[in-house]
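>>> kindly return the folded structure for what I paste below:
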Amino acid sequence: MSSSFESHRPVLEYALNKQGRSVLEVGGGNTSTPLIINNSFKSITYENDLEWYNRISNLSCENHEVVYESDLVGKVRELTVGATPYAFSLAFIDSNVWLDRCKIVSMLMGNAEVILLHDSFPEHLHRCIEGNALIPPFVYSLNLYPLVPANPAYPPTLILSDVVDVTKWEIPGLTPG
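Predicted coordinates for the structure are as follows:
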């Protein structure tokens, strides 16, 4: 088992293999950003934590931008208002403020074919309800756990889509929950 900071890795690798054309990452990381850059045609990563941005900004190149953005919700709103439907084949959300994650997922509905939301324990998803930023119901939804019974050190990743039947995705070593 990879470290807890990489519990999303099998899901992200699988999703990139299927959906790696145009990828949006909101909240970059040592594992996710290089994976996205190396396994997609085009990507953009937005990071609002200056320390994290400084760690990953050197990965930016012609088809793969890494951008510091203090207002992630505002930036995603800007990207999605009036955008071409499903402009992103994949979006990976792992930013540092949970309520912002909820808002971003909602804004990406209809703008990303598949959305991955890392650290999707039920108690975390409940924060969306408490913060009045409900994640809308998607046609297809699959929450995959790296360990069963659930272990806080190894968070699940929620896969959402209205156009790709992600419920048929089988990723070795992960269990639907």
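
>>> alpha carbons of the lowest-mean-pLDDT helix or strand in the chain, as CSV, please.
Between all helices and strands in the chain, the lowest mean by mean pLDDT, DSSP states H and E belongs to helix 122-130, at a mean of 90. Taking Å, rounded to 0.1, in the frame of the first residue of the first chain, the C-alpha atoms of helix 122-130 are listed here in CSV:
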residue,chain,number,x,y,z
PRO,A,122,-18.8,10.6,4.4
GLU,A,123,-18.0,12.9,7.3
HIS,A,124,-16.0,15.2,4.9
LEU,A,125,-18.8,15.1,2.3
HIS,A,126,-21.2,16.1,5.1
ARG,A,127,-19.3,19.4,5.4
CYS,A,128,-20.8,20.3,2.0
ILE,A,129,-24.3,20.0,3.6
GLU,A,130,-23.3,21.9,6.7
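
>>> tell me the angle the helix or strand immediately after it in the chain makes with helix 122-130.
Once helix 122-130 ends, the next helix or strand along the chain (criterion: DSSP states H and E) is strand 140-145. Calculated by axes from the mean of the first three to the mean of the last three C-alpha atoms, to 10 degrees, strand 140-145 forms an angle of 140 degrees with helix 122-130.
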